[in-house]
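**Q** The amino acid sequence is not available; the structure is as follows:
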């Protein structure tokens with residue numbers, strides 16, 4: 001017999017029943033902890049972040065990163081596990097982007113046995129080490145991914161960006177060049193990322209900050225050929241990469257030629273303006289807001305793509321500009337208009353210094369409404385070419401997230417080695433993010449990434465002490481956090497978990513510690 005509850009007919013009263021339940025709670029430790037945690041007499045040590053560490057550590061293991069990093073760290077005299085520190089760096093990029101100094105403080109707020117004992121020096125040493133093993137790590141991940149997803153690398157999306165550093169002096173890698181961030185005063189690095197058709201990062205190449213996009217593109221393709229021994233690959237790149245030299249490079253190797261789908265700078269290429277766009281007879285509708293037409297000029301194949309919704313917006317914007325120009329011309333404000341290149345293209349001069357609207361230029365500009373043009377050597381249908389090029393958003397999304405969610409830039413490291421290692425940690429973080437996003441899509445979850453991270457961060461671990469024993473209490477799941485646990489294959493922790501006490505040192509160990517004034521490690 002555990003306890004006498006009383007007569008059933010008298011237990012119908014809610015107050016009496018509550019008293020019985022309260023008296024029974026002393027027989028169950030878990031219930032006792034939950035009830036005690038609500039009491040003002042019990043205070044918790046602190047609340048720690050738990051959700052992201054549980055989910056992403058499982059994905060980290062499923063990608064085989066502990067084994068790969070463990071092999072790469074062999075024969076290195078580390079007095080810590082650099083693989084665990086690499087995970088800490090990647091998790092910080094996802095949850096609390098910032099410098100390594102900031103990360104060393106943030107790690108103390110995370111509930112994870114992986115992070116115990118990690119200090120700032122470990123972060124610095126691991127960042128430098130990641131730069132050393134960058135190529136080996138990417139190559140091992142590349143071949144493992146091919147086995148994991150049972151697919152060949154047949155389509156590569158490429159794009160470039162730049163990351164500035166808060167330093168005045170230039171180095172081998174950080175040089176001043178064309179800045180997409182409007183910071184030409186600061187040195188920068190140029191990055192070129194390659195992802196496959198599923199958005200999975202393949203490689204991330206770094207170049208000096210004064211490297212042109214086309215040069216970075218060419219060198220990245222050469223690197224892919226050399227490092228991964230790829231065969232026939234279709235390369236998709238935006239309009240910044242287009243050029244005759246680029247095309248000659250892609251098709252120059254007779255043994256391993258590369259197919260390509262490249263965006264065309266329509267207004268700068270005379271052939272596109274005067275021959276391609278004027279020879280379109282009709283468009284084939286592919287999907288909502290996407291129509292395509294194929295035009296061949298000699299042996300060159302062009303695919304013209306049109307978005308009707310975008311075309312209406314372009315026409316409306318141009319009409320608004322024309323009305324503004326007409327008002328300015330009537331009021332005698334033409335001088336200020338001519339100095340603006342955006343307005344100047346719709347104006348032409350007359351004898352005597354007068355300016356009028358250039359009707360021919362306005363009609364020519366209408367040809368570009370909602371249009372983008374591709375050049376390719378593939379024999380796929382035009383619709384497939386257009387949809388494949390639209391897949392370039394995977395790379396662009398990666399760069400948007402690297403600049404916002406993961407916040408690669410700006411870089412605060414003084415050494416190029418550490419800067420590259422910092423980028424490599426972001427590369428690993430990006431793999432975790434894309435992995436979780438893909439698994440969430442398989443669960444038919446359309447929650448946005450910021451919302452998902454917010455929900456995961458709400459899962460906290462609260463440590464409390466009760467009657468001399470330690471307990472770990474989990475907060476409730478919020479929003480899509482539970483779906484993320486299911487997608488990652490993580491069993492949710494119990495609401496209450498007893499913390500095991502650390503083993504007590506023997507008397508002999510205590511004497512040794514006393515003799516050495518506590519400098520020994522038990």
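**A** Arrived safely, thanks for sending. Treat the numbers as computed from the prediction; the structure is a model and nothing was measured.
**Q** can you pull out the strands in the stretch 151-300 of the chain?
**A** 155-164, 188-195, 201-208, 234-237, 259-263, 284-287, 290-297, 300-306 (DSSP state E, counting those that start in this stretch).
**Q** Can you work out which other helices and strands pack against the second one?
**A** It stands for strand 188-195. Under the contact criterion of 3 or more CB pairs under 8 Å, 6 or more residues apart in numbering; DSSP states H and E, strand 188-195 touches strand 155-164, strand 201-208, helix 213-228, helix 393-403, helix 416-442. Just so you know, the C-beta spots here come from the backbone N, C-alpha and C atoms, and that holds for glycine as well.
**Q** Could I get the full set of helices for the stretch 51-200 of the chain?
**A** For the stretch 51-200 of the chain, applying DSSP state H, counting those that start in this stretch gives helices covering 51-62, 65-72, 82-95, 100-106, 120-132, 134-149.
**Q** Which of the ones you listed sits closest to residue 489?
**A** For residue 489, the closest of those is helix 51-62, at 6.1 Å, according to CB to CB.
**Q** Show residues contacting the closest one.
**A** Counting by CB atoms under 8 Å, 6 or more residues apart in numbering, the neighbours of helix 51-62 from elsewhere in the structure are 66, 87, 90-91, 94-95, 110-112, 114-115, 432, 435-436, 453, 455-460, 481, 484-485, 488-490, 493.
**Q** at 6 Å what do you get?
**A** Counting contacts by CB atoms under 6 Å, 6 or more residues apart in numbering, the residues outside helix 51-62 that touch it are 87, 91, 95, 110, 112, 432, 435, 456, 459, 481, 484, 488, 490.
**Q** orientation of that helix relative to helix 416-442 in degrees?
**A** Inter-element angle recorded for helix 51-62 and helix 416-442: 100 degrees (by axes from the mean of the first three to the mean of the last three CA atoms, to 10 degrees).
**Q** Return the distance of helix 51-62 from the chain's centre.
**A** With CA atoms, centre = their mean, to the nearest Å as the basis, the distance from the averaged C-alpha position of helix 51-62 to the chain average is 16 Å.
**Q** Could you pull out the buried residues of that helix?
**A** With burial defined by 16 or more other CB atoms under 10 Å, the residues of helix 51-62 counted as buried are 51-60.
**Q** related to what we said a few turns ago, mean pLDDT lowest for which of the helices and strands packed on strand 188-195?
**A** Set side by side, the helices and strands packed on strand 188-195 give their lowest mean pLDDT on helix 393-403, at a mean of 54.
**Q** Whatever helix or strand residue 464 lives in pairs with which strands?
**A** Secondary-structure assignment from DSSP states H and E places residue 464 in strand 460-466. Strands flanking strand 460-466 in the sheet, each with its direction: strand 44-49 (antiparallel), strand 469-474 (antiparallel) (DSSP bridges).
**Q** Now that strand: average pLDDT?
**A** 80.
**Q** can you pull the contacts of residue 74?
**A** Taking CB under 6 Å, 6+ apart as the contact definition, residue 74 lies against nothing.
**Q** List the buried residues in stretch 174-189.
**A** Going by neighbour count (16+ other CB under 10 Å), the buried part of stretch 174-189 is 174-177, 183, 186-189.
**Q** From residue 302, how far out is residue 296?
**A** Using CB to CB, to the nearest Å, we find residue 296 at a distance of 7 Å from residue 302.
**Q** For residue 379, which three-state class applies?
**A** Of the three states, residue 379 takes coil according to DSSP: H, G, I helix; E, B strand; the rest coil.
**Q** how does the chain divide into domains?
**A** Structural domains annotated on the chain: 1-42, 151-301+375-414, 309-366, as defined by automatic domain parsing.
**Q** Can you get me the start-to-end distance on stretch 266-275?
**A** With CA to CA, to the nearest Å applied, stretch 266-275 spans 11 Å between its terminal residues.
**Q** circling back to that earlier point, tell me the most buried of the helices and strands packed on strand 188-195?
**A** Burial among those, expressed as mean neighbours by mean count of other CB atoms under 10 Å, is greatest for strand 155-164, which shows a mean of 23.
**Q** From residue 445, how far out is the residue nearest to residue 454 when sequence neighbours are not counted?
**A** On the basis of CB to CB, 6 or more residues apart in numbering, the spatially nearest residue to residue 454 that is not a chain neighbour turns out to be residue 479, at 7.3 Å. Residue 479 is 10 Å from residue 445, where distance means CB to CB.
**Q** which residues are common contacts for these two?
**A** Where contact means CB under 6 Å, 6+ apart, no residue is in contact with each of residue 479 and residue 445.
**Q** For the buried residues of helix 51-62, which two are the farthest from each other?
**A** Comparing every pair within the buried residues of helix 51-62 by CB to CB identifies 51 and 60 as the most remote, at 14.7 Å.
**Q** For residue 282, which of the strands paired with strand 460-466 is the nearest?
**A** Within the strands paired with strand 460-466, the stretch nearest residue 282 is strand 44-49; the backing value is 57.3 Å (CB to CB).
**Q** Please compute how far stretch 206-221 lies from its chain's middle.
**A** Computed by CA atoms, centre = their mean, the separation of stretch 206-221 from the middle of its chain amounts to 21 Å.
**Q** Endpoints of that stretch, how far apart?
**A** The first residue of stretch 206-221 is 13 Å away from its last residue (CA to CA).
**Q** now do stretch 297-308
**A** Stretch 297-308 has an end-to-end distance of 25 Å (criterion: CA to CA).
**Q** Residues touching that stretch, excluding its own?
**A** Identification of contacts with stretch 297-308 by CB under 6 Å, 6+ apart yields 275-276, 280, 283, 289, 291-295, 370-376, 382, 385-386.
**Q** Filter these down to the buried ones and express that as a ChimeraX selection.
**A** In ChimeraX, the members of the contacts of stretch 297-308 classed as buried (16+ other CB under 10 Å) are selected with the following command:
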select :276,291,292,293,295,370,371,372,373,374,375,376,382,385,386
